[in-house]
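Asker: sequence and predicted structure are below.
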Amino acid sequence: MLEHLGRGLTFVAGSVVGGLALAFLIVALRPDLIRGRGTPPTAPAAAAAPTLPPAEPAKAPPPATPARVSYADAVQRAAPAVVNVYTDRVVTERLSPSFGELFGEFVPRYRQRIERTLGSGVIVDDSGHIVTNHHVIAGAELIRVQLADGRIAEAHVVGSDPDTDLAVLSVALKFLPVAPLGRSDQLRVGDVVLAIGNPLGLSHTVTHGIVSAVSRAQLGIAPVEDFIQTDAPINRGNSGGALVDSTGALVGINTAMVAKSLGVEGIGFAIPVNLVRGVLGDIVDHGRVIRGWIGILTEDISESQARQLGLAQGGVVISNLYIGSPAQQAGLLPGDLVLTVDGVSPHGAQDVLGRIARKKPGSTVALRGLRGRSAFEVEAKVTERPKAQQRGP
């Protein structure tokens, strides 16, 4: 019996040991099976955070688009009033002698031909008046103008003023574009200007530049000079065209350029619109320019020249005067040095004549000056300049 009891205990002990071993193995492999039903599962100690894509670097704002500098509005405002001017003039040429005539009696022979030239002009009022240069239409037998809209008309000369190189034409057309007139006395060196014209027959060409200088004189272009200097290209055919400011207002009439054959570029000249206004008004009202005159010729004298001539100082000297002129009647003499005109010191010889020219006939002009080293003051009566004058000795 004890033997049977011993065997039973041995079997139970083996079963217990085997069960414990099996339980240990299960716990080692599956620890979650021993959790109680009421105990919530423990969160992992270190839950893996979701992986996010790397943040993109902040993009810089796109660069601001620079403001576009354009003068299209100015051109659109001014260009329709600029016209092309075509002229026909009869030119007489002397023929060269033939080989046979060189050994016999030679009688000069001539032939005539039609010379066609081109230029520009600006419509300045709705009555059909066009301003251009005198040299563009001088001696022309036929003048035609072409508008920006394609219309072509024959033009007639209302009047011309060689002293300022200006002329006024008229056309019998309706619904004309008119150039807005600006103020040339408000121009400053460095202001942007545009030249519009018909260079080399290229209709309504626009060139761009700045005002290089104002009140240029003594250039030998015209007797009365007060030019705007610009580097806006002015070529053959631009003469008489428009010089406009950045708003499209007319500030000058293109007149001349320095020849490239002299090796100079970027120097052109225009007649200021303030001078154009006066010439235009006189020609339209009277058919000619009425200009004040006292009959003197002036010249600029340097300090060294003044010493050689025995004058007290350099400046503007009366080089000659006309017989019977108001200047002679007032007692002025050649060699007199002009210090002031109506109390204003002149900038040069042309300035003296210009100030007198702006006086109305019938008025007087006061001159103060030096004769030798003696000061004098005179008042001369201003008259309209006669067509022919005779100089004094």
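Answerer: Now that the structure is in, tell me what you want to look at.

Asker: residues in contact with Ala213?
Answerer: 189, 228-229 (Cβ atoms under 8 Å, 6 or more residues apart in numbering). Placement of C-beta: from N, CA and C, glycine included.

Asker: hmm, 7 Å instead?
Answerer: Contact analysis of Ala213 by Cβ atoms under 7 Å, 6 or more residues apart in numbering lists 189, 229.

Asker: return the distance of it relative to Val189.
Answerer: Distance of Ala213 to Val189, computed by Cβ to Cβ, to the nearest Å: 6 Å.

Asker: pull out the buried residues from the helix or strand that contains Leu339.
Answerer: Per DSSP states H and E, Leu339 falls inside strand 337-341. Going by neighbour count (16 or more other Cβ atoms under 10 Å), the buried part of strand 337-341 is 337-339, 341.

Asker: pLDDT weak spots in the stretch 251-393 of the chain?
Answerer: Where the stretch 251-393 of the chain drops to pLDDT under 70, the residues are 259-264, 387-393.

Asker: buried sites along stretch 353-373?
Answerer: By neighbour count on 16+ other Cβ under 10 Å, the buried set for stretch 353-373 is 353-357, 359, 365, 367-371.

Asker: likewise for stretch 339-351?
Answerer: For stretch 339-351, using 16+ other Cβ under 10 Å, the buried residues are 339, 341, 346, 348-351.

Asker: on that earlier part again, now for the strand holding Leu339, which elements pack on it?
Answerer: Other helices and strands packing on strand 337-341, by 3 or more Cβ pairs under 7 Å, 6 or more residues apart in numbering; DSSP states H and E, are strand 315-321, helix 349-357, strand 364-371.

Asker: kindly export it (C-alpha atoms) in PDB.
Answerer: The C-alpha coordinates for strand 337-341 follow below in PDB (Å, rounded to 0.1, in the frame of the first residue of the first chain):
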ATOM      1  CA  LEU A 337      29.900 149.200 -75.100                       C
ATOM      2  CA  VAL A 338      26.300 148.100 -74.200                       C
ATOM      3  CA  LEU A 339      26.000 147.400 -70.500                       C
ATOM      4  CA  THR A 340      22.200 147.100 -70.000                       C
ATOM      5  CA  VAL A 341      19.000 147.000 -72.200                       C
END
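
Asker: any idea how far that strand is from the chain center?
Answerer: 35 Å (Cα atoms, centre = their mean, to the nearest Å).

Asker: one more: stretch 212-221?
Answerer: Relative to the centre of its chain, stretch 212-221 is centred 16 Å away, using Cα atoms, centre = their mean.

Asker: regarding it, how distant is the last residue from the first?
Answerer: The first and final residues of stretch 212-221 sit 18 Å from each other (Cα to Cα, to the nearest Å).

Asker: picking that back up, adding distance to Arg385, write the buried residues of stretch 353-373 out as JSON lines.
Answerer: JSON lines is the format used below for those (distance: Cβ to Cβ, whole Å):
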{"residue": "Leu353", "distance to Arg385": "10"}
{"residue": "Gly354", "distance to Arg385": "13"}
{"residue": "Arg355", "distance to Arg385": "14"}
{"residue": "Ile356", "distance to Arg385": "10"}
{"residue": "Ala357", "distance to Arg385": "8"}
{"residue": "Lys359", "distance to Arg385": "11"}
{"residue": "Val365", "distance to Arg385": "14"}
{"residue": "Leu367", "distance to Arg385": "17"}
{"residue": "Arg368", "distance to Arg385": "23"}
{"residue": "Gly369", "distance to Arg385": "22"}
{"residue": "Leu370", "distance to Arg385": "26"}
{"residue": "Arg371", "distance to Arg385": "25"}
